[in-house]
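1. just coords:
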Ligand code: GTP
Ligand code: MG
C-alpha cells in the first residue's frame, strides 16, 4: 500500500482515550525488543515515527498510528521485560488485556517473533491467549536479515510447530532492516481488513 499520510494520532492508557472514528485497527504484539516499533516505521516508510530502542521496554502506552485516514497500527508495550516492577507490569498487563479483548475495531493482531529463535513461553502464552479470545493473528517472523535465506523456511516451520499455529493464521518473514517481506505483509494486512 502506498502510505501518503501517517501520524501518531492517539496515545492511550485507558479506553476513554482510544480513537473514536471507528477505523479498523491492527495491533502489534511481541516480546520487548523484538522489533514492533521498527516494523511500523518500515511499513509506513517513516524513520523514527515510532520510537525504537536497543533497550527493551521503550513503548509503554498504546500508540495509535493513523494511516491514510483508513486504518490504525497500534503499537503495544512488549511483554517479557524483566526490569519493570511487579506493580507496573500488572498495570500494563491490564491495559493490554482490556484493549485486546474488548476492542471492537481490532481486526487482527500482528504478533512478532524473532526468526532466529523458537518462540518463548511468553510468545506461546500470548498466542494461546489470543486464540482463546478468537482474535485473528498474523505471525511475523522478523529480523530475517540476521540469518541466511536458506534457513528461513526451517525456522518458520519450527515457529509454526512450537506455537501450534492455526492454519488460518498467516506466518510471514520480515526484516525492518532491509524491507524484506514488506509487500507481502501489506497484502496480508489489507486482506484481513478488507479496506
Ligand atoms: P519495545 O518497545 O521495548 O517493546 O521494543 P520493540 O519491539 O518496539 O523493538 P524496537 O522496534 O524498538 O527494536 C528493538 C531493536 O531491534 C532495535 O535496536 C532495532 O533497530 C532492532 N531491530 C528491529 N527490527 C529489526 C530487523 O528486522 N533487523 C535487525 N537487524 N534489527 C532489527
Ligand atoms: Mg516499541
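-> Ah, there it is. Quick caveat, the model's predicted, so the values are computed rather than measured. Ligands and ions are numbered 1, 2, ... in the order given.
2. My guess is residue 156 contacts residue 173. True?
-> Yes: the criterion here is CB atoms under 8 Å, and residue 156 meets it with residue 173 at 6.5 Å. Placement of C-beta: from N, CA and C, glycine included.
3. Identify the contacts common to these two.
-> 115, 141 (CB atoms under 8 Å, 6 or more residues apart in numbering).
4. Of these two, which one has the most company?
-> residue 173 (22 against 19; other CB atoms under 10 Å).
5. so what's the more buried one bridging to?
-> Counting by DSSP bridges, residue 173 is bridged to residue 141.
6. State the pLDDT value of it.
-> Residue 173 carries a pLDDT value of 96.
7. Could you report the neighbour count for residue 47?
-> So residue 47, with other CB under 10 Å, has 10 neighbours.
8. Now do the contacts for it.
-> Applying CB under 8 Å, 6+ apart, the residues near residue 47 are residue 41.
9. Can you classify it as helix, strand or coil?
-> Under DSSP: H, G, I helix; E, B strand; the rest coil, residue 47 falls in the coil class.
10. looking at it, residue 168 is touching residue 136, isn't it?
-> Yes: with contact defined as CB under 8 Å, residue 168 reaches residue 136; the gap is 7.4 Å.
11. Comparing those two, which residue is more hemmed in?
-> residue 136 (16 against 7).
12. residue contacts, that one?
-> Taking CB under 8 Å, 6+ apart, we find residue 136 in contact with 107, 108, 109, 168, 169, 192.
13. do the same with residue 124
-> With contact taken as CB under 8 Å, 6+ apart, residue 124 is in contact with 162, 163.
14. quick revisit: which of the contacts of residue 136 scores worst on pLDDT?
-> Confidence by pLDDT is poorest for residue 192 among those, given 89.
15. count of residues packed around it?
-> 17.
16. Could you say which helix or strand holds it?
-> helix 182-193 (DSSP states H and E).
17. Excluding its own residues, what touches that helix? List them.
-> With CB under 8 Å, 6+ apart as the test, helix 182-193 has contacts from 1, 24, 26, 42-43, 71, 107-108, 110, 136, 138, 140, 170, 172, 174.
18. buried sites along that helix?
-> Residues 182, 185, 188, 189, 192 are the ones in helix 182-193 that count as buried (16 or more other CB atoms under 10 Å).
19. Which single one of the residues you listed is nearest to residue 120?
-> Checking these against residue 120 by CB to CB gives residue 185 as the nearest, at 22.1 Å.
20. any low-confidence regions in this structure?
-> Within the chain, the stretches with pLDDT under 70 are 57-58, 81-84, 88-89, 195.
21. Most remote residue from the middle of it, which is it?
-> residue 150 (25.2 Å; CA atoms, centre = their mean).
22. Thank you kindly, that will do.
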